[in-house]
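In: based on what follows, work out the 3D shape:
(one chain, ligands or ions: 2)
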Amino acid sequence: MKVLVIGSGAREHALVKAIAADPMVEAVIAAPGNPGIDALAVCEPLPRGATHGPDVVAVAAKHGVDLVVIGPEAPLVEGVADDLRAAGFATFGPSAKAAQLEGSKAFAKRIMAEAGVPTAFAHVCTTRGEVEDALDALGPPYVVKDDGLAAGKGVIVTDSRVAALDHADACLSRPDGRIVVEEHLDGPEVSLFCISDGDLVIPLTPAQDFKRAQDDDRGPNTGGMGAYSPLDWLPDGLVDDVVARVAQPTIDRMRHLDMPFVGVLYIGLALTSRGPQVIEFNVRFGDPETQVVLDRLATAVGELLLAAATSQLGEAEPLRWHPDAAVTVVLAAPGYPAAPQTGGLVTGLDEAESDVAYVLHAGTSRDDHGLLRAGGGRVLSIVGRGATLAEARAAAYESVGRVHLPGGRFRSDIGLRAERGEITIPHL
Ligand code: AMP
Ligand code: GLY
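Out: Ligands and ions are numbered 1, 2, ... in the order given. Take a look at the predicted model:
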């Protein structure tokens, strides 16, 4: 089959790499792709962007693809999956209606309440007075979230009431500004991706993401600075429990509301003293967690995503996983996330590749001389693999050390606390 992948990040590079390795797949097309994806797939430009449905449909038609996989949230929220389905293309990714699970935090909270999903207590606010009341009702640490899409940067967690109110003011000053003030959830975070055809749910292996910009979880939130899998410290049965208490009730609720969810439900969890609680839903694969999850998946992924897109998950083989650990470290441009400086020369990629490490491209571009330049905030996502987490970390960091980008930054502690056995789940 022929598969079209929409997007241009390291998540899409990982998807393209995994889909291209599926023996059932004869060709992969990416739109717009990136300079790394270009080595594995035919890249088609999208001058009006990936949210422009008719252009995406035109690329799918030009190549006569059998499946379209949509990577990022923006085209999903804008209804590109609806346009593709209307044109007759099997599509992995939810409709605009179902994508509200990520597009509006208030909508997600409503669905969670209706489905009985455990999550932080929250107030939806549209005025400063409501925000002040909510902050005082919940107390510090304060969690204030922009209602709409914000590329992982719309959330502030702070002990400062002033900083919480400043963030709320900034969000509320936008047209239709709406925010969610939420109870703070304590405990380690886990990302669990659940593939669904609108009816059945197949969980992938859990991963852990590192959202803060700097080591020891300091600095602002980012799109994600690194990830690892597996999580040896997870309680037995956690995945089954989350499928039963979160994923399946949510998928069932969406189907009953006539908004069937087809694609991947990303469940961001906090493992609290009161059990797993949902921090957020996303409606697509996480970046950078996908890089490590797909690295470990032994089952052919093209067929799995096609089965989800065509209501045939019931016939899918049980998933098989490599026992090895995988770690990904994100190399970011100087100034990321506040004001990334693009244009820096990226070198050393050939030296960074080995039998235990490889480089996935995110924000890269080629200049007129064919040289690789930083073209976005997150520039590369380097994946290391090993029999243990320690070996996978060593492979990833050795590889990152061979890449050069002036002023480039990465976290040095991805997976470190897990390697040291320091992650604990709070008890009541
Ligand atoms: P979100 O955009 O909802 O994923 O939030 C981004 C990050 O903010 C999460 O990964 C958490 O680290 C943090 N966060 C969000 N909500 C909460 C909460 N209720 N309690 C503690 N931390 C949170
Ligand atoms: N890694 C977090 C996200 O994809 O939103």
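In: where does the stretch 1-150 of the chain dip in pLDDT?
Out: Applying pLDDT under 70 to the stretch 1-150 of the chain picks out no residues at all.
In: which bits of it sit near ligand 2?
Out: Residues of the stretch 1-150 of the chain lying close to ligand 2 by C-beta under 6 Å from any ligand atom: none are found. In short, each C-beta sits where N, CA and C put it, glycine included.
In: which strand of this protein spans the most residues?
Out: With DSSP state E applied, the strand covering the greatest number of residues in the chain is identified as strand 262-272.
In: for Val5, give the beta-bridge partners.
Out: Here Val5 shows beta-bridge partners Ala30, Val69, assigned using DSSP bridges.
In: so it touches Val28, yeah?
Out: Yes - between Val5 and Val28 a contact is recorded at 6.5 Å, counting by C-beta atoms under 8 Å.
In: which residues do those two both contact?
Out: Val16, Ile19, Ala41 (C-beta atoms under 8 Å, 6 or more residues apart in numbering).
In: for Arg393, helix, strand, or coil?
Out: helix (DSSP: H, G, I helix; E, B strand; the rest coil).
In: and the strands in the stretch 251-400 of the chain, which stretches?
Out: Secondary structure of the stretch 251-400 of the chain by DSSP state E, counting those that start in this stretch: the strands cover 262-272, 275-282, 325-332, 357-361, 364-366, 372-374, 378-386.
In: deepest of the ones you listed, which one?
Out: Here the criterion is mean neighbour count by mean count of other C-beta atoms under 10 Å, and of the strands of the stretch 251-400 of the chain the winner is strand 325-332, at a mean of 29.
In: number of residues surrounding the residue nearest to Ala300 when sequence neighbours are not counted?
Out: Nearest-residue entry for Ala300: Asp22, 4.1 Å, with adjacent residues in sequence omitted and distances by C-beta to C-beta, 6 or more residues apart in numbering. The burial count assigned to Asp22 is 19, neighbours taken as other C-beta atoms under 10 Å.
In: quick one: residues contacting Ala390.
Out: In this structure, Ala390 makes contact with Glu419, judged by C-beta under 8 Å, 6+ apart.
In: over to the one 10 residues further on?
Out: With contacts defined as C-beta under 8 Å, 6+ apart, the neighbours of Val400 are Val329, Leu331, Ala352, Ile382, Phe410.
In: okay, buried residues for stretch 42-52 please.
Out: For stretch 42-52, the neighbour count (16 or more other C-beta atoms under 10 Å) marks Val42, Cys43, Glu44, Leu46, Ala50, Thr51, His52 as buried.
In: hmm, who's touching that stretch?
Out: Here stretch 42-52 makes contact (C-beta under 8 Å, 6+ apart) with 6-8, 27-34, 37, 55-56, 59, 62-63, 70, 72, 74-75, 78, 80.
In: show me which of these are buried.
Out: Buried members of these, counted by 16+ other C-beta under 10 Å: 6-8, 27-34, 37, 55-56, 59, 63, 70, 72, 74-75, 78, 80.
In: near ligand 1, which residues of this structure? Just list them.
Out: The chain has residues 120, 143, 145, 152, 155, 157, 182-185, 189, 211, 221, 268, 279-280 near ligand 1, with proximity defined as C-beta under 6 Å from any ligand atom.
In: among these, which are in strands?
Out: Judged by DSSP E, the subset of the residues of the chain next to ligand 1 located in strands is Val143, Lys145, Val155, Val157, Glu182, Glu189, Asn221, Gly268, Ile279, Glu280.
In: surely the second one meets Ala168?
Out: Spelled out, that is Lys145. No - under the contact definition of C-beta under 8 Å, Lys145 does not touch Ala168, with a separation of 9.6 Å.
In: what sits in contact with each of those two?
Out: Common contacts of Lys145 and Ala168 (C-beta under 8 Å, 6+ apart): Ile179, Val181.
In: could you check how far Trp321 is from Gln208?
Out: Between Trp321 and Gln208 the computed distance is 16 Å (C-beta to C-beta, to the nearest Å).
In: now do Ala120
Out: Relative to Gln208, Ala120 is positioned 19 Å away (criterion: C-beta to C-beta).
In: higher neighbour count, the two?
Out: The neighbour comparison of Ala120 against Gln208 (other C-beta under 10 Å) goes to Gln208, with 23 against 20.
In: which strand residues bridge the more buried one?
Out: Here Gln208 shows beta-bridge partners Tyr228, assigned using DSSP bridges.
In: need the per-residue pLDDT for it.
Out: pLDDT for Gln208: 98.
In: got the residues of the stretch 201-350 of the chain near ligand 2?
Out: When proximity is defined as C-beta under 6 Å from any ligand atom, the stretch 201-350 of the chain approaches ligand 2 at Asp209, Gly224, Asn282, Gly286, Asp287, Glu289.
In: residues contacting Val239?
Out: The neighbourhood of Val239, defined by C-beta under 8 Å, 6+ apart, consists of Leu192, Pro203, Pro206.
In: so the first one makes contact with Asp241?
Out: No - distance between Leu192 and Asp241: 10.4 Å, which falls outside the contact criterion (C-beta under 8 Å).
In: looking at the two, which is more packed in?
Out: With neighbours defined as other C-beta under 10 Å, Leu192 and Asp241 compare such that Leu192 has more, 26 against 13.
In: phi, psi of the more buried one?
Out: For Leu192, the backbone dihedrals are phi -120, psi 120 (criterion: degrees, to the nearest 10).
In: same thing with the one 3 residues further on?
Out: For Ile195, the backbone dihedrals are phi -80, psi 130 (criterion: degrees, to the nearest 10).
In: measure it to Pro94 for me?
Out: Computed with C-beta to C-beta, the distance linking Ile195 and Pro94 is 12 Å.
In: tell me where the stretch 51-200 of the chain has helices.
Out: All helices of the stretch 51-200 of the chain, identified by DSSP state H, counting those that start in this stretch, fall at 53-63, 73-77, 80-86, 100-103, 105-115, 128-138, 161-172.
In: what is the second one packed up against?
Out: With contacts taken as 3 or more C-beta pairs under 8 Å, 6 or more residues apart in numbering; DSSP states H and E, helix 73-77 sits against helix 100-103.
In: per-residue pLDDT of Glu391, please?
Out: Note for Glu391: predicted pLDDT of 98.
In: nearest residue to it in space, please, no chain neighbours.
Out: Ala325 (7.1 Å).
In: does Leu185 really touch Val278, like I thought?
Out: No - counting by C-beta under 8 Å, no contact exists between Leu185 and Val278, whose distance comes to 9.0 Å.
In: which residue packs closest to Leu304, ignoring adjacent ones?
Out: Closest residue in space to Leu304, ignoring its immediate chain neighbours: Ala316 at 5.8 Å, by C-beta to C-beta, 6+ apart.
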